[in-house]
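> need a structure here:
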Amino acid sequence: MYKYKYKNKKTYYQLERLVRGFSNHRRIQIMELLKKDPELSVIEIADKLSVNMKTIAEHIKRLAMSGLILKRNELQSVRHKLTKNGERILEFLRTLE
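Predicted coordinates for the structure are as follows:
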C-alpha cells in the first residue's frame with residue numbers, strides 16, 4: 001500500500017475547484033497571455049484576444065476564485081497576474097502536448 005505525505009494536502013473538492021478553474025480554452029489563453037505580459041487589465045486582455053469584455057471578466061473571476069491569478073487595484077483599473085499555481089498549471093498543460 002502506498003502512502004503519500006504532502007504538506008497542506010488539498011481535499012478532492014479543492015482539487016476539483018482548481019481543475020474547473022482552468023478547464024476552458026479561453027481561460028488557458030488568458031493564463032498564457034498573463035504569463036507573457038503580466039499586469040494586464042480586463043480591457044487589455046479582451047483587446048489582445050479579440051473577445052467581449054464581459055466574457056473575459058467572467059473568466060477572470062473564475063481564475064481568481066481558483067487561485068490561479070491575482071488581482072491588484074491600480075487607480076481606476078484592476079491589474080491581473082498569474083500566481084505560482086497558475087504558472088505550475090501552464091507547465092503541466094505543456095507536458096500533455
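> Doesn't His80 lie inside a strand?
Yes - if the criterion is DSSP: H, G, I helix; E, B strand; the rest coil, then His80 is within a strand.
> List the residues that contact it.
34, 38-42, 45, 60, 64, 69-72 (C-beta atoms under 8 Å, 6 or more residues apart in numbering). In this view, the C-beta of every residue, glycine as well, is placed from N, C-alpha and C.
> can you give me the helices in this structure?
12-22, 25-36, 42-49, 53-65, 84-95 (DSSP state H).
> The closest residue to Leu34 other than its chain neighbours and Thr11, how far apart?
Counting by C-beta to C-beta, 6 or more residues apart in numbering, Leu82 is the residue found nearest to Leu34 once chain neighbours are left out, at 5.0 Å. Going from Leu82 to Thr11 by C-beta to C-beta, to the nearest Å gives 23 Å.
> who has more neighbours, the two?
Neighbour totals were compared for Leu82 and Thr11, and Leu82 leads with 21 against 8 (other C-beta atoms under 10 Å).
> Quickly note the distance from the more buried one to Met53.
Distance of Leu82 to Met53, computed by C-beta to C-beta: 20 Å.
> so where's this protein uncertain?
For the chain, the stretches with pLDDT under 70 are 1-8.
> ok, of the contacts of His80, which come out buried?
The neighbour-count criterion (16 or more other C-beta atoms under 10 Å) marks 34, 40-42, 45, 60, 64, 69 among the contacts of His80 as buried.
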